[in-house]
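**Q** could you look at this predicted model? Sequence included:
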Amino acid sequence: MNRIFIFTLLIFSAFSVSAQQWNLSLETAKSKAEKEGKNIVLCFSGSDWCIPCMKLEKTTWESPEFIEYSNAHFVLLRADFPKKKANALSKEQQAQNDRLAEIYNKQGAFPSVLVLDKIGKILGATGYKNLAPKEYIALLHSFESK
């Protein structure tokens, strides 16, 4: 019984270490970025209809390399625009995402990935690229150097 408890504890510990937290509010992300001295990665996604968004999620955002790097170097912010009723956002969240799109994604590109400084100024922008996580991290980091 004791072994099962220890095994379960280790499994949950591993997941908590490798978890990343996507913020859903620009103000929350800016506050964290200011406090932690980090830049913000803002991702506009269509989680249930945009194939490149799903690929970016699986190949980059969920990769151990990106999770580890982003936890140490970025504050993550997601603006999702699902189409299926089952995945509908609250009216408040949808309104926040619409405001973010008016400011940062007027062309409506999906996925659209921006690196912002702690006050919300755009440092660089990209989208889905068929890159290894390490290469995608380098691309995002290159925007910080300009």
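**A** Thanks, I have the structure now.
**Q** return the helix or strand in the protein with minimum mean pLDDT.
**A** helix 2-18 (a mean of 44; mean pLDDT, DSSP states H and E).
**Q** and the following helix or strand past that one, which strands flank it?
**A** Remark: after helix 2-18, the chain's next helix or strand is strand 22-23, criterion DSSP states H and E. Next to strand 22-23 in the sheet, as set by DSSP bridges, lie strand 74-80 (parallel).
**Q** how distant is the strand it pairs with from the center of its chain?
**A** In terms of CA atoms, centre = their mean, to the nearest Å, the centre of strand 74-80 is found 4 Å from the chain centre.
**Q** buried ones in that strand?
**A** Neighbour-count burial for strand 74-80, with 16 or more other CB atoms under 10 Å as criterion, is recorded at 74, 75, 76, 77, 78, 79, 80. In short, each C-beta sits where N, CA and C put it, glycine included.
**Q** hmm, who's touching that strand?
**A** By CB atoms under 8 Å, 6 or more residues apart in numbering, the residues outside strand 74-80 that reach it are 20-26, 29, 32-33, 36, 38-47, 70, 89, 96-97, 100-101, 105, 115-116, 140.
**Q** turn the buried ones among those into a named ChimeraX selection, would you?
**A** Of the contacts of strand 74-80, the buried ones go into a single ChimeraX selection, burial set by 16+ other CB under 10 Å:
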select :22,23,24,26,29,32,33,38,39,40,41,42,43,44,45,46,47,70,96,97,100,101,105,115,116,140
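**Q** from the contacts of strand 74-80, which land in strands?
**A** Among the contacts of strand 74-80, the residues falling in strands (DSSP state E) are 22, 23, 39, 40, 41, 42, 43, 44, 45, 115, 116.
**Q** any idea which of those is the one closest to residue 65?
**A** Closest to residue 65 out of these is residue 41 (14.3 Å), distances taken as CB to CB.
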